[in-house]
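Participant: Fold the following and give me the result.
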Amino acid sequence: MKGDEEAFRFFYDAYFERLSRYMLVVTTGDERAAKDAVQGMLVRLVRYIRVFSDEDVFWSWITMLARSSLADDKRKKRRYLSFLDRFQRQSEIQDQPINESSTEAKLADLLDQKINTLAKHERELLELKYFSHQSVRSISEQLGLTEKAVESSLVRIRRKLRESVMEDLKK
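Facilitator: Predicted coordinates:
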C-alpha cells in the first residue's frame with residue numbers, strides 16, 4: 001500500500017501541474033472545467049492504469065483521458081440544461097389555466113364521433129369491454145372467439161381510434 005501512495009505522489013509531482021495547465025488551455029481559461037476534467041482523468045487513470053514503455057505515449061494517454069472527461073462533463077451539463085428547459089416548459093404549460101370541463105367534453109365528443117365511424121363488430125367489442133365492463137374471457141365465450149382474438153381485436157380498435165383522434169387534434 002505504501003508503494004501505491006509513493007507512486008501516486010511521484011505521478012502527482014511529475015504530471016499534475018503540467019496537466020492542469022494543459023487543461024486550462026483546452027478549456028480556454030475555464031478553471032472549474034479544467035479542474036473537473038483533471039479530477040475525472042484521475043479517476044479514469046486509477047481505473048485503467050497500465051504500463052507504458054514511453055513517457056510521450058503515457059502523456060498522450062493521460063491528456064486523452066482528461067479531454068474525454070471534459071467531453072463527458074459537457075454532455076452531462078447539456079443534458080441537465082436540456083432537462084431544466086423541458087421541465088420549465090412543462091411547468092409553464094401546467095400553470096396555464098385550462099377549462100378542463102370544456103376540453104374533456106370536446107374530447108369525449110370527438111371520441112364518440114370516431115366510435116360511430118367504426119364497423120358494427122368493432123363497436124360491439126368496445127361496448128362489451130369498456131361500457132359493460134365484461135372480461136375478455138366472457139366476451140370470447142359470447143362471441144365464440146378465442147381470448148387472444150378478442151385481445152388482438154381490441155388492440156387494433158384502440159390503435160385505430162387513437163390515430164384517428166390524434167389526427168383530428170392536429171388539425
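
Participant: model confidence over the helix or strand harbouring residue 78, on average?
Facilitator: Secondary structure assigned from DSSP states H and E places residue 78 in helix 55-95. Taken as a whole, helix 55-95 carries a mean pLDDT of 87.

Participant: Kindly report the same for stretch 112-120.
Facilitator: The pLDDT scores in stretch 112-120 average 88.

Participant: Which stretches in this structure count as helices?
Facilitator: Ranges of helices in the chain, per DSSP state H, are 2-11, 17-26, 31-48, 55-95, 100-116, 120-126, 136-143, 147-170.

Participant: The fourth one versus helix 17-26: what angle between them?
Facilitator: Okay, so that is helix 55-95. 50 degrees (axes from the mean of the first three to the mean of the last three C-alpha atoms, to 10 degrees).

Participant: helices and strands around helix 55-95, which ones?
Facilitator: helix 17-26, helix 31-48 (3 or more C-beta pairs under 8 Å, 6 or more residues apart in numbering; DSSP states H and E). Any C-beta I mention is one placed from the backbone N, CA and C, and that applies to glycine too.

Participant: could the ones you listed be laid out in CSV, adding mean neighbour count, distance to residue 136 and mean pLDDT?
Facilitator: Formatted as CSV, the helices and strands packed on helix 55-95 follow (neighbours: other C-beta atoms under 10 Å; distance: least, C-beta to C-beta, whole Å; pLDDT from 0 to 100):
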stretch, mean neighbour count, distance to residue 136, mean pLDDT
helix 17-26, 15, 62, 92
helix 31-48, 16, 52, 90
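
Participant: Spatially, what comes nearest to residue 164 if we skip its sequence neighbours?
Facilitator: residue 114 (4.9 Å; C-beta to C-beta, 6 or more residues apart in numbering).

Participant: In contact with that neighbour, which residues?
Facilitator: Applying C-beta atoms under 8 Å, 6 or more residues apart in numbering to residue 114 gives the contacts 161, 164-165, 168.
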